[in-house]
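Chemist: how would this look folded up:
(one chain, ligands or ions: 1)
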Amino acid sequence: MRNIEIIIGSQMGSAEYVAEQLAEQLDANEFSTHLHEQPDLSACQHPLWLVVTSTYGAGDYPDNLLPFIEQLSDHEDLSHIQFAVVGIGDSSYDTFNLAASNCAQLLTNKGAQQLLPVLKIDVQDEALPEDAAIAWLPALKQQLDQAC
Ligand SMILES: Cc1cc2nc3c(=O)[nH]c(=O)nc-3n(C[C@H](O)[C@H](O)[C@H](O)COP(=O)(O)O)c2cc1C
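Modeler: Next up, the predicted model:
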């Protein structure tokens, strides 16, 4: 059983719902997920992370993710972490999914290994955000199988 920390950035619940759907699928496939609605670095004990976040303002992080991002920024070395990021955003903004991209960049800058390019889900698309995320899961699982 492989443990995954699912770190949620969500203001109105869309990203949280997507994270919960991903957790359900992963839990049914030999993973054990740990959802973090108010993420705190000290509570993320396992080295596999899945960040699911929306974007607000002019490309800002959702409020609940900000303390975690500050903790990451203060952290020297995250080279033991492997991660993937799912962004939920709106392509009518110039700053489409910028929080997701910035989070991936921050983790990479701290030495963490990115398993896959950021999945940028667009709420303007016809597909439901959770369906787009679930369709991407096999690619993540393939990377996780190689990573573990
Ligand atoms: C005030 C406001 C600002 C937003 N700014 C951005 C943005 O800069 N980039 C982006 O991709 N989406 C932006 N969005 C779209 C949200 O990220 C999108 O609606 C998302 O589904 C919200 O997820 P949540 O319910 O988990 O917070 C914005 C939405 C609102 C209401």
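Chemist: Now name the helix or strand holding residue 145.
Modeler: Using DSSP states H and E, residue 145 sits in helix 129-147.
Chemist: next one: residue 35
Modeler: Element membership of residue 35, judged by DSSP H and E, is strand 31-36.
Chemist: List the buried residues in that strand.
Modeler: In terms of neighbour count (16 or more other C-beta atoms under 10 Å), strand 31-36 has its buried residues at 31, 33, 35-36. No exception for glycine: its C-beta is placed from N, CA and C like everyone else's.
Chemist: for stretch 72-87, same thing?
Modeler: 72, 78, 81-87.
Chemist: Out of those residues, which is nearest to the ligand?
Modeler: Nearest to the ligand among these is residue 87, at 7.2 Å by C-beta to the nearest ligand atom.
Chemist: With adjacent residues omitted, what lies nearest to that closest one?
Modeler: Among residues not flanking residue 87 along the chain, residue 100 sits closest, at 2.6 Å (C-beta to C-beta, 6 or more residues apart in numbering).
Chemist: before we move on, which element is the one you found in?
Modeler: Using DSSP H and E, the element containing residue 100 is helix 98-109.
Chemist: what about the helices in this protein?
Modeler: Taking DSSP state H as the test, the helices found in the chain are 14-27, 66-74, 98-109, 129-147.
Chemist: Tell me which residues are up against the last one.
Modeler: Translated: helix 129-147. With contacts defined as C-beta atoms under 8 Å, 6 or more residues apart in numbering, helix 129-147 is touched by 2, 4, 14, 17-18, 21-22, 25-26, 29, 31, 48, 50, 52, 82, 84, 86, 88, 113, 115-116, 119, 121, 123, 125, 127.
Chemist: ok now do the one residue in the chain that gets nearest to the ligand, which residues does it touch?
Modeler: The ligand sits closest to residue 89 of the chain, with a gap of 2.3 Å, by C-beta to the nearest ligand atom. By C-beta under 8 Å, 6+ apart, the contact set of residue 89 is 54-55, 95-100, 120-123.
Chemist: What residues are bridge-paired with it?
Modeler: Counting by DSSP bridges, residue 89 forms beta bridges with residue 122.
Chemist: Distance check, it against residue 44.
Modeler: 23 Å (C-beta to C-beta, to the nearest Å).
Chemist: beta partners of the spatially most central residue of the chain?
Modeler: Closest to where the C-alpha atoms of the chain average out (C-alpha atoms, centre = their mean) is residue 51, at 1.5 Å. Legend: beta-bridge partners of residue 51 under DSSP bridges are residue 7, residue 85.
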